[in-house]
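A.B. asks: Pasting the sequence and the predicted model now:
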Amino acid sequence: MSNVRTSAVAAVWLVLQRDLRLAFRRPAQLVQPLAFFAVVTLLFPLGYTPELGKLRAIAPGVLWVGALLASMLALESLFREDAADGTLEQFVVSGQPLVGLMAAKTLAHWLLTGLPLTLMAPVLGIALGVPVAAMPGILFSLMLGSLTLSLIGAVGAGLTLGVRRGGVLLSLLTLPLAVPVLVFGARATELAIVGESLMGPLYLLGALAVLGVTLAPLAAAAAVRIGLE
Amino acid sequence: MSELSVKNLHVFRGERYLLKGLGFEVRAGCCLQVVGSNGSGKTTLLRILAGLLEPESLELSWRGERIQPRNPEYHASLSYLGHDPALKSDFTAAENIAFHVGIRRHITSQDVRAALNRVGAEKFSDRPVRMLSAGQRRRVALAALWLTGSHLWLLDEPATNLDSAGQGLVASLIQDQLARSGLVLAATHQNLGLSGGQLSTLEIGTRGVSA
C-alpha cells in the first residue's frame, strides 16, 4: 500500500464532488427551493395585480425576498445529515483543515441552490414585467448576493448543529445578518430595472461577498467544532 | 518506549468528576483495552483523545512530544471509529470507503476492493448503504478503518451489531494493526484474543479510577 497523504486542495475537491453527487441522487430535495421560489414569485401577479407597471415597481423586493427565503429553506440540511451520521467527526479527525472542508460544503450549497436561483430570477422577472435590458444586472447582483447568503447560512447552520429542531432558530440567527444583502440587492435590481447605473450597490454586494468568503468558513468551522462536543 | 502517553486527565460532567487524574501509556504494537460500566466515560475518553472533546486538563504526548489533541499532524496519524459509521446511505459501500479514505490518503479502486474483501463485504460492495443491515454497515466502516492505515486506532465498541464471525474479524484486524506496530485503544468488553505482552487493560469506573 502506498502511503501518500491527500493534499488539502484534493481533500476540499473531494468533499465538493461528494456533496454534488450526493445531491443529484436525491433530485426532489434539489428542486424544492427552486419550486418554492417560482411559486412565491408567480403568486404576486395573481394576488396583487396583473398590471405590469405596478408589478415592475415591487419586482426587486419580490425577487430578493423570494430568493432569500428559498436559499434559507435548503440551509437546514447543510450540516445536519453529516452531523447525524458521524461524517463531521471524521472531518475533524481527518487531519485536513476543517475550514477548507466547510468552505467546500458551503460552495456546494451555493452551486446547488444559489446559482440555480440566480439563473431562474430573470425568467421569473418577465412575469413581473422586468425589462430584458435589466437581466444582466439582476443576474450579477443575485449571484453575489446569493453567495453571501450561503456563507452567512453556513455559520448559522454550524451554530444550530447541537439544537434539536433548530430550523426556526436558524432563521432567527441568519435573517438579521442577511438584511444588508437584501437592501443592497433590491436596490441594485431596482436601478437595473429603471435603467440606471447599479455599480454603487453592486460594489457593496461585492464587499459583503468578500467579507463572507474570508470570515464565514472560519466561523463555520469553529461553530461545527463546538456543535460536535 | 511508549508512543502515546496520557497524564493528568481530568473531566468534569456537571458537578462531578467523570475522569479524575487518569494516566496511562501505550507502546508501539500494543493494545489498550478500556473497560468500565455504562456511563463510566469510555466514549468520553476516546473522544478526548481524538480531539473531539475538550477536557478540563490533559497532558498528551505523542511519539515523545507534548502536543495538543487538535494537532493536525496527530490527527493525520489516527483513526477514530465512533458509534456512527459515517456512511452516506445513498452511496454504495465502495463509494463511501473511497471518499472517507480518499480525503486522508491516495488510494486506488483496487485498494478499496481489497479492503472490502478483507472484511467480507465483497458481496454487497455495490449496493447502496441504505439497503445494508447495521452489521454490514459496521463491516464497511471497519474496511475504511483498515484501509486508512493510521498508526493509532481509537475504537469505540468496534464490534457493535456484529455476529460472532464479525467479532472474530475485529480481533483479527486489531492483530493486523499490532503486527504493523500500530497502536490500538479499544473500548470493548470482547475478548480480543491477544497475548499478554500485547494487551493491557484500563479499567475506568464511577467509583474512582484504577489503572
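C.D. replies: In hand now; what should we look at? For clarity, every value in this text was computed on a predicted model and none was experimentally measured.

A.B. asks: average model confidence for stretch A:216-226?
C.D. replies: Averaged across stretch A:216-226, pLDDT comes to 95.

A.B. asks: Next: stretch B:110-125.
C.D. replies: So the average pLDDT for stretch B:110-125 ends up being 92.

A.B. asks: swap in stretch A:140-150?
C.D. replies: Here the average pLDDT along stretch A:140-150 is 95.

A.B. asks: Equivalent analysis for stretch A:66-75, please.
C.D. replies: For stretch A:66-75, the mean per-residue pLDDT is 91.

A.B. asks: Same check on stretch A:181-192?
C.D. replies: Mean predicted confidence for stretch A:181-192 is 94.

A.B. asks: likewise stretch A:24-41?
C.D. replies: 92.

A.B. asks: quick one: is it near chain B?
C.D. replies: Yes: Stretch A:24-41 lies within reach of chain B by CB under 8 Å from any CB of the partner chain, at A:25-26. (Each C-beta comes from the backbone N, C-alpha and C, glycine too.)

A.B. asks: could you show me where the helices are in chain B, in order?
C.D. replies: Ranges of helices in chain B, per DSSP state H, are B:42-49, B:72-76, B:93-102, B:109-118, B:134-148, B:164-179.

A.B. asks: ranking those helices by burial, who's on top?
C.D. replies: helix B:93-102 (a mean of 24; mean count of other CB atoms under 10 Å in any protein chain shown).

A.B. asks: and that one with helix B:109-118, angle?
C.D. replies: 110 degrees (axes from the mean of the first three to the mean of the last three CA atoms, to 10 degrees).

A.B. asks: nearest to A:Val99, of the helices of chain B?
C.D. replies: Closest to A:Val99 of those is helix B:72-76 (CB to CB; 11.3 Å).

A.B. asks: Could you list the alpha-carbon positions for that closest one in PDB?
C.D. replies: The C-alpha trace of helix B:72-76 is given here as PDB (Å, rounded to 0.1, in the frame of the first residue of the first chain):
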ATOM      1  CA  PRO B  72      -3.300  18.300  12.500                       C
ATOM      2  CA  GLU B  73      -0.200  16.000  12.300                       C
ATOM      3  CA  TYR B  74      -1.500  13.900  15.200                       C
ATOM      4  CA  HIS B  75      -5.000  13.800  13.600                       C
ATOM      5  CA  ALA B  76      -3.400  12.600  10.300                       C
END
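
A.B. asks: Rebuild the helices of chain B as a markdown table, extending it with distance to chain A.
C.D. replies: Putting these into a markdown table (distance: least, CB to the nearest CB, whole Å) gives the following:
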| stretch | distance to chain A |
| --- | --- |
| helix B:42-49 | 8 |
| helix B:72-76 | 3 |
| helix B:93-102 | 5 |
| helix B:109-118 | 7 |
| helix B:134-148 | 8 |
| helix B:164-179 | 12 |
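
A.B. asks: if we look at stretch B:130-137, which residues are touching it?
C.D. replies: Contacts to stretch B:130-137, defined as CB atoms under 8 Å, 6 or more residues apart in numbering or on different chains, come from residues B:85, B:87, B:89-90, B:93, B:121, B:124, B:129, B:140, B:160-163, B:166.

A.B. asks: Mind naming the longest helix for chain A?
C.D. replies: Secondary structure assigned by DSSP H gives helix A:199-228 as the longest helix of chain A.

A.B. asks: Against which helices or strands is it packed?
C.D. replies: Secondary-structure packing of helix A:199-228 (3 or more CB pairs under 8 Å, 6 or more residues apart in numbering or on different chains; DSSP states H and E): helix A:77-84, helix A:87-92, helix A:98-109, helix A:135-159, helix A:167-194.

A.B. asks: wait, what's in contact with B:Ala94?
C.D. replies: B:109, B:112-113, B:116, B:125-126.
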